[in-house]
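Novice: give the three-dimensional model of this entry:
(2 chains)
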Amino acid sequence: MLIRKCFKYFCAVLVLCFFAVFLFLPLYTVLKEGLDPQIFAEIFRSRLYLEGLLNAFLICIVTTFLVFLISMPLAILYDKYEFPGKNLCPVLMMTPMILPPFVGALGFQQILGHYGVLNSILQALNLPPVDWLGGSGRFWSICVIEALHLYPILYLNLITSLANIDPALEEAARNVGAGRWTRFRKITLPLLRPGILAGGSIVLIWSFTELGTPLMFGYNTVTPVQIFNGITELGTNPAAYSLVIIMLAVSCLLYLGGRMLLGREIHVTAAKGSMGAGAKILSGWKKWMPILLFGIFTFIAALPHLALILTAGSKSWYRTILPLKYSWIHFENALSDPLVVPSIVNSLKYSAIAVVLALAAGTAAAFLAKRANLKFGGLFDLLAMLPLMIPGMVIAVGFLGMSIHYSWAAKIFDPVNNPVWLISAAYAVRRVPYVLRSASSGLEQTPVELENASRNAGASAFTTFLKITVPLIAANLVVGGLFAFSFSMMEVSDSLILAQKTEFYPITKAIYELSQYLGTGPYIAAAFGVWSMLFLASTLAAASILLGRKIGALFKI
Amino acid sequence: MAELQIRKISKSYQKNEGYVLQSVDLTIKSGEIFFLLGPSGCGKSTLLRMIAGLIEPTSGTILLDGRDITHLPPEKRNTPMVFQSYALWPHLDVYENIAFGLKQLRLPAAEIRQRVENILETVHLESYIHRKITSLSGGQQQRVALARALALNPSVILLDEPLSNLDAKLRDDMRLEIRRICKERALTAIYVTHDRKEALSMADRLAVLHQGIVQQIGTPRELYMNPVNRFTASFLGDANMLDGELVRDDEKSWFFQTQIGEIAVRKINKSGHEESYQKAQKYSLMFRPENVLFEDNCSREYPENHIRAEILENSYWGESSFRTMQAGSFRFYANEFAAPERPAGALEKIILPADRIIPLSC
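Specialist: Sure, this is the predicted structure:
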């Protein structure tokens, strides 16, 4: 009864409690433990740490630049032209997302390793081998593999923004004599700023704080790996906390910098009754160019996946262009390995709880921001988007700190004996923005009159929310939930940091552990990676059928 | 049957910003079809939403049958509304849309079914009971929206421009239909529109709003014939405005000096209305285009206000001819019924009947 009467206040309390416990307390713990001028001074005196920071920064700049180079032309092609196979593009663009980049790194190593595919090709051509992963090669490999994983995020944001631009605006520019390039520079690009900011900032912060890929490549002089290595002595040496604070500060600066550079959000909604010319239909040989380009990029992006599949399916793959013998043995071993099945069960458990938590918090925050008519409703939107700006590592280290420093937290968030809530909460808090975006867009697309009509017909705010709002935005909630689920299943930073005992390992940590075993370890890890990839792909495909939508629609941020 | 009283209602969305509504006072009688008429942004929909409880007033009170409902949540008011967009829930079918409000009342299922069927019969949609909302035409959706509101057996019904999305023919039919249903059920109806034709043809009484202020309240005839200001005069129909100064009067008439000469205005006008004016004050003399008479097409003798004017432009409207005319530098409109053909450029003798001219404050 009380919930019915004070529904919006109940939602507000729910959201505030969620973020207080799962976001601000971990942050506070990190700040409390790490804000020590002496440690900061030590970090800034240490060449190793400074180099780590510089490398992380360079990785994120280069990766983001590469992501722009890939996404922008593809998004423009998709939006402006009609061509054969256009319906395939959303699926093609999703391919890189069904595998975390650090698993892809396993496949990439097989291609670029000293005795890998590329060097085997060079050898076959009687050319000297190149140390692709030595020196700066390792750095560039990390950037490329991260860019190949992250470009769909920017791409999807760009095509959403492009679709929102009233075609009449470009036509007007054309009408006054602006050429193609001028129109792009002066009209399209400025109007794309919201999409660039939204997608670009995610890519920037994601690549700055990415732990798995450099770890897999053994690239240790990068801050996230330094933090990971420092976690074992967290109780006695708070350097990891301070490094986390530095990462957080730089992430904030990167986001704010992007915001300053790209300005505040602008409204680019299509004007009523606007009659745009629509996408141009390509003919002749030109009509095959866009799909060819999409195909090439997808092939390059899928190379790590292909290499992973070949690695997993080979008996052993060494000094040859392609494996000489194929076998199912690694796939079988992957399923019978004592690490594997429990890790799948664990991942399902953690992700399911995370989705429930993220759906509750994200939907409530969207409702408060868009519907509750609260004076500071916008703050809830900002609050729920905050985890996007905060690196996963920061929250993971914060949770770990909480379990060390607060006795109540040690009981609920026990990393050693029962990390279910710890990992689920860490997964959840970083997935809230996706649910929020999905729910918000659902609410924006749903006329508020439908809810007013329900109140007007005698339903309470709570009944209206349950019977009208939720069914109307159900598709958006399913999309948000699936997005949250998929990303939780393949989560890396939190999993590597928070899962400490083998019995609690989620999939990603199990793959990492398997890859570290000598001998058949990497092959079994690759096979497990393939199983995970298939599992995730079938989840998304099932969801796509369930929703009756194209799979690409699931990832529109 | 229910009487609705609106007492000094004001609304401002932001402090230090203007009022959307200013001190609105209205009494809507039981069983009355009352229209709120005004241009976009005049506050009419805001007022309707306040009655529905969807917007809280900044000050003032709303009384329904003497009971203060100002701060009552919308679901407790039983003032169902027909929304401009219809606001039909697309995930529910016709039956479920109409039954939704009845379910909130926790009525037995059989009664809900009966009431939905009855109301669908009233709006002639019996065979559409399980149709999807998206499969209905605009007119059918409008009827479902009306049925959803009527199903609750309300004493007051609110209609927010319910016909604005329909084509002209359907709109005419629905006007009669809505009026018939409201009168049959003795509903107190508050109807928002910016369409003067709709308001004049359907309303028992109406209020004209402009910039959040009620300009005038009365029957359609009163407002059309005796507007109190230039805004109401021109919002309710085409109105010619001739500026003049009151110079003298006699027993029967006021006399105004204007740019086209002295114009007589009867002290008691055609609709029996009497107003007093101040000498040496400036007024706008308002007369409707259909009140401009052509001497050669006039069955009666008029002693005053004979004017010679040139036809600048003609528009043929079928039942009448609408003419732009000029006398000296004064340009005005005439709407002549059963009109002979008169070419542009022709000089015509016209009459402005003294009992059809309304002096309005400048």
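
Novice: so where does residue 49 fall, helix or strand?
Specialist: By default, I'm working from chain A. helix A:47-80 (DSSP states H and E).

Novice: I was after chain B.
Specialist: helix B:44-52.

Novice: and the helix or strand following that helix, what's its mean pLDDT?
Specialist: Per DSSP H and E, helix B:44-52 leads on to strand B:59-64 as the next helix or strand towards the C-terminus. Averaged across strand B:59-64, the pLDDT comes to 96.

Novice: identify the residue nearest B:Lys349 in space, chain neighbours excluded?
Specialist: Counting by C-beta to C-beta, 6 or more residues apart in numbering or on different chains, B:Lys349 lies nearest to B:Glu295, which is 4.1 Å off, once chain neighbours are set aside. The way it works is simple: take the backbone N, C-alpha and C, and place the C-beta from them, glycine included.

Novice: what number of residues lie near that neighbour?
Specialist: Residues lying near B:Glu295 (other C-beta atoms under 10 Å in any protein chain shown) number 14.

Novice: I figured it hits B:Pro353, correct?
Specialist: No: contact criterion C-beta atoms under 8 Å: B:Glu295 and B:Pro353 do not qualify, at 11.9 Å.

Novice: if we can go back for a sec, which residues touch the helix holding B:Arg49?
Specialist: A:452, A:456, B:4, B:6, B:9, B:11, B:20-21, B:24, B:36-38, B:55-57, B:62, B:74, B:77, B:79, B:81, B:84, B:156, B:158, B:160-161, B:190, B:192, B:194, B:209 (C-beta atoms under 8 Å, 6 or more residues apart in numbering or on different chains).

Novice: show me which of these are buried.
Specialist: A:452, A:456, B:4, B:6, B:9, B:11, B:20-21, B:24, B:36-38, B:55, B:57, B:62, B:74, B:77, B:79, B:81, B:84, B:156, B:158, B:160-161, B:190, B:192, B:194, B:209 (16 or more other C-beta atoms under 10 Å in any protein chain shown).

Novice: now, the residues you listed that are in strands?
Specialist: Mapping the buried ones among the contacts of helix B:44-52 onto strands (DSSP state E) picks out B:4, B:6, B:9, B:11, B:21, B:24, B:36-37, B:62, B:81, B:156, B:158, B:160, B:190, B:192, B:209.

Novice: low-confidence stretches in chain A?
Specialist: For chain A, residues meeting the criterion pLDDT under 70 lie at A:1-5, A:168, A:171-177, A:234-236, A:263-278, A:518, A:542-557.

Novice: measure A:Gln516 to chain B for me?
Specialist: In this view, A:Gln516 and chain B are 51 Å apart by C-beta to the nearest C-beta, to the nearest Å.

Novice: which single residue of the stretch 1-150 of chain B ends up nearest chain A?
Specialist: Scanning the stretch 1-150 of chain B for the residue nearest chain A gives B:Gly101, at 3.3 Å (criterion: C-beta to the nearest C-beta).

Novice: how about A:Pro128, what does it touch?
Specialist: A:Leu122.

Novice: my reading is that it lies in a helix. Confirm?
Specialist: No: counting by DSSP: H, G, I helix; E, B strand; the rest coil, A:Pro128 is not found in a helix; it is coil.

Novice: pop out the phi and psi values for it.
Specialist: The phi/psi pair for A:Pro128 (degrees, to the nearest 10) reads phi -70, psi 150.

Novice: repeat for B:Val214
Specialist: Backbone torsions for B:Val214, taken as degrees, to the nearest 10, come to phi -70, psi 120.

Novice: count the residues that sit near it.
Specialist: 21.

Novice: swap in A:Phe40?
Specialist: Going by other C-beta under 10 Å, the residues that sit close to A:Phe40 add up to 16.

Novice: close enough to count as contact, it and A:Ser242?
Specialist: Yes: between A:Phe40 and A:Ser242 a contact is recorded at 5.7 Å, counting by C-beta under 8 Å.

Novice: now do the contacts for whichever residue of the stretch 401-550 of chain A sits closest to chain B.
Specialist: With C-beta to the nearest C-beta, the shortest gap between the stretch 401-550 of chain A and chain B falls at A:Ala457, namely 3.3 Å. Shown in contact with A:Ala457 (C-beta under 8 Å, 6+ apart): B:Glu75, B:Pro80, B:Phe100, B:Gly101, B:Gln104, B:Arg148, B:Leu152.

Novice: any chance you could map the strands in the stretch 151-300 of chain B?
Specialist: B:156-160, B:188-193, B:205-210, B:213-218, B:240-249, B:253-258, B:261-266, B:282-287, B:293-294 (DSSP state E, counting those that start in this stretch).

Novice: so for chain A, which of the ones you listed sits nearest?
Specialist: Here strand B:156-160 is closest among the strands of the stretch 151-300 of chain B (C-beta to the nearest C-beta), at 8.1 Å.

Novice: and the closest one, what does it pack against?
Specialist: Packing partners of strand B:156-160 (3 or more C-beta pairs under 8 Å, 6 or more residues apart in numbering or on different chains; DSSP states H and E): helix B:44-52, strand B:81-82, helix B:138-150, strand B:188-193.
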